[in-house]
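A.B. asks: okay, structure incoming, though there's no sequence with it:
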């Protein structure tokens, strides 16, 4: 698997989002190398960083590692009293990059910022003023921005390239999720050995064939839960999992809630 980044477009997207929201955003590749970022040149963080040697990088690495391990949005209040969030941008269950949003306040942020004790009154007053000017973002807006970033960044500026055989097999699987898909059938259809099939999925997706098929079926079920009013047992069948009890168990293991609860949380009647 090769991940291609259009950094010019990434920077343009991040700049546009910053202009609309005032939220500082950085995009990093899977090795935490900076791909794009946009932030105010003169703000609370830039002034505070000149007053003492802060551990911003360590703080970012901590939340990024937590985000990598959980494969979901992670949030915290940093040592300077600011709200930080790191989110994975995921395609085919693979993290293709990370987005960090910071230099913002939330309902959990302190009213008075965490300032070094040895700075003078003039700098303290300046920092308090800059702190109050930082964007305030609610949990709802944060999740909306996360969804926006996931769609806009990946669809527009990041491309995953698989080898031709793997791409062909993936396309076939995704078009036939409701059908019986076995290793033997796939090997026969694409004229490959089991070892070659296993290696292709491991090298390109970091997954086994059966894990990938199951994951795509669960993703299909989530989409059907949101877009239709079909009973859950029918959705299970349409997603290619005949055993309803098994489907419900898998769904809860993956998402932390049952299919019915998932539908309710999305305001689907």
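C.D. replies: On my side now, so go ahead. Because the structure is a prediction, the values reported are computed rather than measured. Numbers count the residues shown, from 1 in each chain.
A.B. asks: list the contacts for residue 86?
C.D. replies: Contacts for residue 86 were tallied using Cβ atoms under 8 Å, 6 or more residues apart in numbering; they are 60, 63-64, 66-67, 73-75, 98-101. To be clear about C-beta, it is placed using only N, CA and C from the backbone, and glycine gets the same treatment.
A.B. asks: and if you look at residue 56?
C.D. replies: Neighbouring residues of residue 56 by Cβ under 8 Å, 6+ apart: 45, 49, 78.
A.B. asks: skipping adjacent residues, who's closest to the second one in space?
C.D. replies: Counting by Cβ to Cβ, 6 or more residues apart in numbering, the nearest residue to residue 49 once its immediate chain neighbours are dropped is residue 56, at 7.0 Å.
A.B. asks: residue 178 too?
C.D. replies: For residue 178, ignoring the flanking residues on the chain, the nearest one in space by Cβ to Cβ, 6+ apart is residue 240 at 4.7 Å.
A.B. asks: and that neighbour, which of the three is it?
C.D. replies: Classification of residue 240 into helix, strand or coil gives coil, according to DSSP: H, G, I helix; E, B strand; the rest coil.
A.B. asks: tally of neighbours for it?
C.D. replies: Each residue near residue 240 was counted by other Cβ atoms under 10 Å, and the total is 21.
A.B. asks: roughly how far apart are it and residue 216?
C.D. replies: Using Cβ to Cβ, to the nearest Å, one obtains 9 Å as the distance from residue 240 to residue 216.
A.B. asks: quick one: low-confidence ranges for the stretch 151-269 of the chain?
C.D. replies: 154, 266-269 (pLDDT under 70).
A.B. asks: quick one: the helices in it, in order.
C.D. replies: Applying DSSP state H, counting those that start in this stretch to the stretch 151-269 of the chain gives helices spanning 164-175, 183-190, 194-205, 209-227, 232-238, 244-255, 259-265.
A.B. asks: columns distance to residue 257, pLDDT and secondary structure on top of the contacts of residue 86, output as JSON lines?
C.D. replies: Formatted as JSON lines, the entries for these read as follows, by distance: Cβ to Cβ, whole Å; pLDDT from 0 to 100; DSSP: H, G, I helix; E, B strand; the rest coil:
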{"residue": "60", "distance to residue 257": "30", "pLDDT": "86", "secondary structure": "helix"}
{"residue": "63", "distance to residue 257": "24", "pLDDT": "91", "secondary structure": "helix"}
{"residue": "64", "distance to residue 257": "26", "pLDDT": "93", "secondary structure": "helix"}
{"residue": "66", "distance to residue 257": "21", "pLDDT": "93", "secondary structure": "helix"}
{"residue": "67", "distance to residue 257": "21", "pLDDT": "92", "secondary structure": "helix"}
{"residue": "73", "distance to residue 257": "16", "pLDDT": "88", "secondary structure": "coil"}
{"residue": "74", "distance to residue 257": "19", "pLDDT": "91", "secondary structure": "strand"}
{"residue": "75", "distance to residue 257": "20", "pLDDT": "87", "secondary structure": "strand"}
{"residue": "98", "distance to residue 257": "25", "pLDDT": "94", "secondary structure": "strand"}
{"residue": "99", "distance to residue 257": "25", "pLDDT": "92", "secondary structure": "strand"}
{"residue": "100", "distance to residue 257": "27", "pLDDT": "91", "secondary structure": "strand"}
{"residue": "101", "distance to residue 257": "25", "pLDDT": "87", "secondary structure": "strand"}
